[in-house]
Each structure stands twice: as structure tokens, then as C-alpha cells.
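**Student:** Sequence first, then the predicted structure:
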Protein chains: 2
Amino acid sequence: MLSRKELAEAQERAAEIFAEAGIALTGAERSAIEIADFGLSKLAETGLEIVVYVNTQRVAAKEIAMFPRQICPEHRHPPYDGTPGKEETFRCRTGTVYMYTEGEPTPHPHARVPADGTFTAWREIVLRPGDQYTVPPNTLHWFQAGDEGAIVSEFSTQSRDDLDIFSDPRIERATRLTDG
Amino acid sequence: MLSRKELAEAQERAAEIFAEAGIALTGAERSAIEIADFGLSKLAETGLEIVVYVNTQRVAAKEIAMFPRQICPEHRHPPYDGTPGKEETFRCRTGTVYMYTEGEPTPHPHARVPADGTFTAWREIVLRPGDQYTVPPNTLHWFQAGDEGAIVSEFSTQSRDDLDIFSDPRIERATRLTDG
């Protein structure tokens, strides 16, 4: 749950992050920045600030701002409608992103996460500006920004957030606003 | 045809354009910037400088630098392998892009093109930083940068340049290098 004040503040902060990086947004895009708290009501810890550039039946592209150490929680994109599921490439534009997927766990990973057992994939890929990584469909993944935050571009097949399967059963993908 | 010297110079110039815009590339990406002269051997007039970020069977993303008034010549992406053909979204990052597609011709278009009859689509869409336009599959389109050049992001389905159909029969999509 987010209050309207928290929503507006996060949108403004994300808009500043994009502006500082020289990423041009239209006024309509700035005022529609999606603030995802994944239903955990701890935006600074778990959340994303997302500009959806395009999302057709075939292609999606997003620009994602992450606050320092903010986490996108573990999830996968299952097959649907005869497709293998969403395929995503994450490209780091600014800052550092610690990306994790299924596979051999990295011995000393950089991420710091809540000790609640909802992070199971620990193969680490460190993304610095210009680095990118493609996550195959239906593969567990999650990521955390480094201490200075990050901007990440996402290039993918159609985005169907409603189909995402999260490892943390408390998560709701759609952000709910409090009345306040 | 491009000489190796022209290729290297265009790559260096494109790398500077991206760097000035704060777009981070890896060293490998910088040295592999695709210089397309479309076989016309007039790169300053007709050409593109392209970084291919990703190109899988399902998704492609590219960053394109355009020199002042440089033209991407008219073409379309036909159906193939049971797909409707490539779908492309062009997002202007810096500068101005004059985009043209099929439809009602714009009375006083901004573009300046060779009077060789190979430009037939004249519905103009002006893209400034933050603006974007999605070209449906199999639809004629072409574009020209404004006087200051431009950077354009392309988000699309799989890129199969070999299938592109150009209005100018002299065009060859693959760049050939001279021996010199």
C-alpha cells in the first residue's frame, strides 16, 4: 500500500533520476511513472519506478529507476497463450545492478536482502553502465541496485505483469493506494 | 562502399555522440558500431550508425546515432516465417527526427531528400526528445535527422535486415568495405 503522497514523492524522485541521467521523458510520461511497491509497503527496500515506453502484443520497452539498494523481488514469467513466457534483457544505464538468476550460487554475493527465505536464486551477474543480461522465459530472477541506485532499461516481449509468479507469497504486483 | 578509414571515422564520431548524451557503451560495443551506408557510398547523406544491444528470435533493441540531416532510406519489413514482419518503435533521445510513413502526405514536410523518386511515403511525424512512434509491420517508412543530428532508440521484434525491402533499387543493406 502506498499513500498518494508517497506515490507523488517517488514519482518526483524518479523523474529527477532520469533527468540527471539526460533521459528525456514527456510530461505525460513523468506524471504516469509507475511506482511498484509489490504490496509490501516498504518502497525504499522493495520497489521499482517504471516508465513503460511501449507494450504491444509483441514488444515491450521500459526505463526503470531504482533507489539505492532497492530490490525487485524474485519472480519468473511463466508460459502463456502458447508462448514460452516473457523474455527480458536488462541493460544498466547508470549505477550498479546486482542481478540474480537460477544456477550455481555465487559464493559472496553483493546483495543485501531481508532474511525471509524468499530469495532462492543466487547466481550473481554484476551489471555496470553498458552491461546487460538476458533472462530466459520462466526463469527465477531478482535484482538489487547498488549503493548509488541505478537506471535499467528493459527490452522484452509483451509485458503481462498480471502473470508474474513471485517467490514471496505476500506480494501483489499491482500497487494499491491508501485513501489518505 | 566504405573505406576502412571512413568506417573508423564514423564509428569514432558515433561513439562521441553517444558519450556526449551520457549513453554508456562497453568497449566491445564501441568498436563494433555498425556503419550502414546502404550501398550508396554517401554516408553523410544516407546512413545510420547502429549499436545492436540485443537481437534474439523474439526481441531486438538498438541505439542509433544519426549525423545532421542523415537519412534512413524508405523501406518496409515484410512478413516472414509466419510472422507479420518486424514491428518497430522509434524513440527520440536527442535532437530531432523527421519520420515518414504511409498515409495522407504532410503539406510542408521538414525533410530534404534527393529528388530521385525513391521517397514515396510523406506522412510526417516529428519526434523530439521523449517522443516516439511505432511503425506497424510491412509499412513503408523512412526518416531523417534534423540539423543537429539525433539519437534514436529502436525497440522491435527480431531484426532481420536481410529481409528489408527498399524503395530505391540501388540499395544494398549490408555495408561493403573497399580494399583501401
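**Tutor:** That came through fine. Everything numeric here is computed off the predicted structure, so don't read it as measured data.

**Student:** so what does the longest helix along chain A touch, helix or strand wise?
**Tutor:** Taking DSSP state H as the assignment, the helix of chain A that covers the most residues is helix A:4-20. Helices and strands touching helix A:4-20, by 3 or more Cβ pairs under 8 Å, 6 or more residues apart in numbering or on different chains; DSSP states H and E, are helix A:27-31, strand A:34-36, strand A:48-55, strand A:60-66, strand A:141-156. In short, each C-beta sits where N, CA and C put it, glycine included.

**Student:** just checking, what packs against the second one?
**Tutor:** For strand A:34-36, the packing partners by 3+ Cβ pairs under 8 Å, 6+ apart come out as helix A:4-20, strand A:48-55.

**Student:** which secondary structure elements does the shortest one contact?
**Tutor:** Meaning strand A:48-55. By 3+ Cβ pairs under 8 Å, 6+ apart, strand A:48-55 packs against helix A:4-20, strand A:34-36, strand A:60-66, strand B:88-101, strand B:132-135.

**Student:** which neighbours does it have in its sheet, and in what orientation?
**Tutor:** strand A:34-36 (antiparallel), strand A:60-66 (antiparallel) (DSSP bridges).

**Student:** can those go into CSV with extra columns for mean pLDDT and mean neighbour count?
**Tutor:** Shown next, in CSV, are the strands paired with strand A:48-55 (pLDDT from 0 to 100; neighbours: other Cβ atoms under 10 Å in any protein chain shown):
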stretch, mean pLDDT, mean neighbour count
strand A:34-36, 98, 20
strand A:60-66, 98, 25
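
**Student:** between these, which one is nearest to residue B:105?
**Tutor:** Checking these against residue B:105 by Cβ to Cβ gives strand A:60-66 as the closest, at 29.5 Å.

**Student:** Restricting to C-alpha, output the closest one in CSV.
**Tutor:** Extracted in CSV, the C-alpha atoms of strand A:60-66 (Å, rounded to 0.1, in the frame of the first residue of the first chain):
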residue,chain,number,x,y,z
ALA,A,60,7.8,-4.0,-24.6
ALA,A,61,10.4,-1.5,-23.5
LYS,A,62,10.7,0.2,-20.1
GLU,A,63,13.1,2.5,-18.3
ILE,A,64,13.4,1.7,-14.6
ALA,A,65,14.8,3.9,-11.9
MET,A,66,16.0,2.2,-8.7
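
**Student:** Report the angle between it and strand B:141-156.
**Tutor:** Angle, strand A:60-66 to strand B:141-156, by axes from the mean of the first three to the mean of the last three Cα atoms, to 10 degrees: 60 degrees.

**Student:** ok, then the element right after strand A:60-66?
**Tutor:** Counting by DSSP states H and E, the element after strand A:60-66 in chain order, helix or strand, is strand A:71-76.

**Student:** helices or strands next to that following strand in the packing?
**Tutor:** strand A:141-156, strand A:165-166.

**Student:** Just say which of the ones you listed is most tucked in.
**Tutor:** strand A:141-156 (a mean of 22; mean count of other Cβ atoms under 10 Å in any protein chain shown).

**Student:** Dump it to PDB, keeping only the CA atoms.
**Tutor:** Provided in PDB are the C-alpha atoms of strand A:141-156 (Å, rounded to 0.1, in the frame of the first residue of the first chain):
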ATOM      1  CA  HIS A 141      15.400 -13.800 -11.200                       C
ATOM      2  CA  TRP A 142      15.600 -10.800  -9.000                       C
ATOM      3  CA  PHE A 143      17.900  -7.800  -8.700                       C
ATOM      4  CA  GLN A 144      19.100  -5.000  -6.400                       C
ATOM      5  CA  ALA A 145      20.600  -1.600  -7.100                       C
ATOM      6  CA  GLY A 146      23.900  -0.700  -5.600                       C
ATOM      7  CA  ASP A 147      24.500   2.000  -3.000                       C
ATOM      8  CA  GLU A 148      24.100   4.800  -5.600                       C
ATOM      9  CA  GLY A 149      20.900   3.500  -7.100                       C
ATOM     10  CA  ALA A 150      20.600   2.700 -10.800                       C
ATOM     11  CA  ILE A 151      18.800   3.100 -14.100                       C
ATOM     12  CA  VAL A 152      18.000   0.000 -16.000                       C
ATOM     13  CA  SER A 153      16.500  -0.400 -19.500                       C
ATOM     14  CA  GLU A 154      14.300  -3.400 -20.100                       C
ATOM     15  CA  PHE A 155      13.800  -4.800 -23.600                       C
ATOM     16  CA  SER A 156      11.300  -7.600 -23.700                       C
END
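
**Student:** List the pairing partners of that strand within its sheet, with orientation.
**Tutor:** Strand A:141-156 is paired, per DSSP bridges, with strand A:60-66 (antiparallel), strand A:71-76 (antiparallel), strand A:88-101 (antiparallel).

**Student:** Please identify the most buried of those.
**Tutor:** When the strands paired with strand A:141-156 are compared using mean count of other Cβ under 10 Å, strand A:60-66 is most buried, at a mean of 25.
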